Every structure is written in structure tokens, then in C-alpha cells.
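Student: The sequence and its predicted three-dimensional model are supplied below.
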Amino acid sequence: MPSALHRLPICDLGCEAGSLSRILLEERIVPFVLSSLPMAANALFGCEDLQSQQFSFSPHEPAVNVYTAGGDFQRHTDKCSLTVNVLLSAPDTFEGGGTIFWPQAQVQSSDVLSASHATLVCPQQATALLFNGTVDHAGRAVECGTRYVYVASFDLGSRRGAASASM
């Protein structure tokens, strides 16, 4: 049976996808973090001069995750300073989905949905969800349709050991 989750690395999607990814991260996300969250920028990346830093991504990212019926992403941490998720799908093209977050101090549960203090976030199309890559989270299963999510987990500079990737 084919997998209900497919990951399409941006580098495999052509120049236009790479350009859009670069613009999103370099011209929108990083400037937003610098201007709106300067203390977080310093805490996450160890500096406030993020514009001159080099991106270091999680393996196979940035990417577009494609979820079909039954597609989910098990509970995990990204092990990077910052993760960006952007819902690309129109809301009427799928049911289910969303990202589940757990408080950092909560003990792991074997069932993704059983944790009583978990929070489900279902952003609107084209809304960026930013979070620290050390936070436990999971992709809730899509019930029907197809859900497309842009994902990029990264560090800036050479502070951590994530794999470097080009957009």
C-alpha cells in the first residue's frame, strides 16, 4: 500500500520553488523574527544579526509534505532552532490534519491524540506557523483529500550540526 505521506524536497521542485522558498525564509521569516521577536532571535540563534548567517536545514528540507487520507507525522522534535510550517492547501480540499503540540515538560504518550494537555493548531491557508524545533509535535492524520504543507526546520550560522541544503 502506498504511503499516505510524501515529502517533496524543494531542491527537486525546480528553480521557481527554490526561489519562493528563499524569499519566504530570507525576506519574510528572518526579518519578522528580527523585528518582532529580537529576544527570541538571540536565544534561538545566539545573535541578533541573522541576515548575515547561513541557513543549515534538517535533512531533505525545505520541502513540501503531501498528506493524503491516513497521512500523519508521528510525534517528534526537529532538533533545529526554528521550524516554519505553511499550509499550502485550500481549506475545502482536505479534512483532518493540523499540528499537535505538547508542553515541553510533559512525558511522552504512545498515542498521539491521548495527551490531555496537547494543543491542536489548524492554521489557515498561507499562514506561517513558527516554533522552536525542540518542541514535541506531530502532524495529525488527514481524514480525506490532500493536504500540502511547506516545512523548513533550520539553524542559522554554524552553531549546530544540521545538514546544509540549498533551496
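Tutor: Now that the structure is in, tell me what you want to look at.
Student: how far away is Asp12 from Gly71?
Tutor: Distance, Asp12 to Gly71, using CB to CB, to the nearest Å: 19 Å. From N, CA and C alone the C-beta is placed, and that goes for glycine too.
Student: Return the set of residues that bridge with the nearest residue to Ser58 once chain neighbours are set aside.
Tutor: Nearest non-adjacent residue to Ser58, counting by CB to CB, 6 or more residues apart in numbering: Ser153, 4.1 Å away. Ser153 forms beta bridges with Thr83, as assigned by DSSP bridges.
Student: what residues are up against Ser153?
Tutor: Counting by CB atoms under 8 Å, 6 or more residues apart in numbering, Ser153 makes contact with 57-58, 61, 78-80, 82-84, 133, 162.
Student: got it, and Asp72?
Tutor: Neighbour list for Asp72: 4-5, 112, 138-142 [criterion: CB under 8 Å, 6+ apart].
Student: Pull out the buried members of the residues you listed.
Tutor: Burial by neighbour count, 16 or more other CB atoms under 10 Å: within the contacts of Asp72 this picks out 5, 112, 138-142.
Student: Check what pLDDT Asp49 gets.
Tutor: Asp49 is assigned 69 on the pLDDT scale.
Student: Settle it for me: which of Asp12 and Gly71 has more neighbours?
Tutor: The neighbour count for Asp12 versus Gly71, taken as other CB atoms under 10 Å, is higher for Gly71 (22 against 12).
Student: what are the phi and psi angles of that one?
Tutor: Dihedral pair for Gly71: phi -70, psi 130, per degrees, to the nearest 10.
Student: which strands and helices sit next to the helix or strand bottoming out on mean pLDDT in the chain?
Tutor: Lowest by mean pLDDT, DSSP states H and E among the helices and strands of the chain is helix 38-45, with a mean of 87. Packing partners of helix 38-45 (3 or more CB pairs under 8 Å, 6 or more residues apart in numbering; DSSP states H and E): helix 30-36.
Student: can I get the CA coordinates of the helix it packs on in CSV?
Tutor: The C-alpha atoms that make up helix 30-36 are tabulated as CSV, following Å, rounded to 0.1, in the frame of the first residue of the first chain:
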residue,chain,number,x,y,z
VAL,A,30,14.0,36.1,9.3
PRO,A,31,13.1,39.8,9.1
PHE,A,32,9.9,39.1,11.1
VAL,A,33,11.8,37.2,13.8
LEU,A,34,14.4,40.1,14.0
SER,A,35,11.8,42.9,14.2
SER,A,36,9.1,41.2,16.2
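Student: so what does it touch, helix or strand wise?
Tutor: Helix 30-36 makes packing contacts with helix 38-45 when contacts are defined by 3+ CB pairs under 8 Å, 6+ apart.
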